[in-house]
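3D, please:
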Amino acid sequence: MLARLGVYRKPHSRYNQNCHLEGHVMSTQFEILEAEVLKLVPADRALLAEHLIASLDEDNEIESAWAVEVERRVAEVESGAVAGTPFEEVIAQARAALK
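The predicted model follows:
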């Protein structure tokens, strides 16, 4: 996954002893950590990856604000304070607006 993000690159054959991250040689500590993480079940690795990627996000305040907003909206729907619009109706309105 990190390779797809352009962050982690598998070592080339001439670098078979070390991994490289943005031009820096990875430490043995990294290699040990990576080996341990790869022992986790896929769901745990995915959760860990999500947390690590989130830790790179410089705008955690925005993420936190959206989480609060989502919780507020869910609470409004669950309490009956607001009613949702059926999917079919929303699609019909959108199609009508596009004509």
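
what does the longest helix anywhere in the chain rub up against?
The longest helix of the chain (DSSP state H) is helix 60-79. For helix 60-79, the external contacting residues (Cβ atoms under 8 Å, 6 or more residues apart in numbering) are 54, 57, 82-84. Glycine gets a C-beta too; all of them are placed from N, C-alpha and C.

one more time with 10 Å
Under the criterion Cβ atoms under 10 Å, 6 or more residues apart in numbering, residues 54, 57, 59, 81-84 lie in contact with helix 60-79.

pLDDT check: weakest of the residues you listed?
In terms of pLDDT, the lowest of those is residue 57, showing 70.

I'd like to know how many residues surround the closest residue to it other than its chain neighbours.
Once flanking residues are discounted, residue 57 sits nearest to residue 63: 6.4 Å by Cβ to Cβ, 6 or more residues apart in numbering. When neighbours are counted by other Cβ atoms under 10 Å, residue 63 registers 11.

Mind pulling the model confidence for residue 63?
With respect to pLDDT, residue 63 has a value of 81.

From residue 74, how far out is residue 60?
Distance, residue 60 to residue 74, using Cβ to Cβ, to the nearest Å: 21 Å.

next one: residue 47
On the measure of Cβ to Cβ, residue 47 and residue 74 end up 21 Å apart.

Can you name the next helix or strand after the longest helix of the chain?
Beyond helix 60-79 on the C-terminal side, the first helix or strand identified by DSSP states H and E is helix 87-98.

Report how many residues lie close to residue 51.
By other Cβ under 10 Å, 9 other residues sit near residue 51.

which element is it on?
With DSSP H and E as the test, residue 51 turns up in helix 42-56.

on contacts alone, who are the packing partners of that helix?
helix 28-37 (3 or more Cβ pairs under 10 Å, 6 or more residues apart in numbering; DSSP states H and E).

The helix it packs on packs against which elements?
Under the contact criterion of 3+ Cβ pairs under 10 Å, 6+ apart, helix 28-37 touches helix 42-56.
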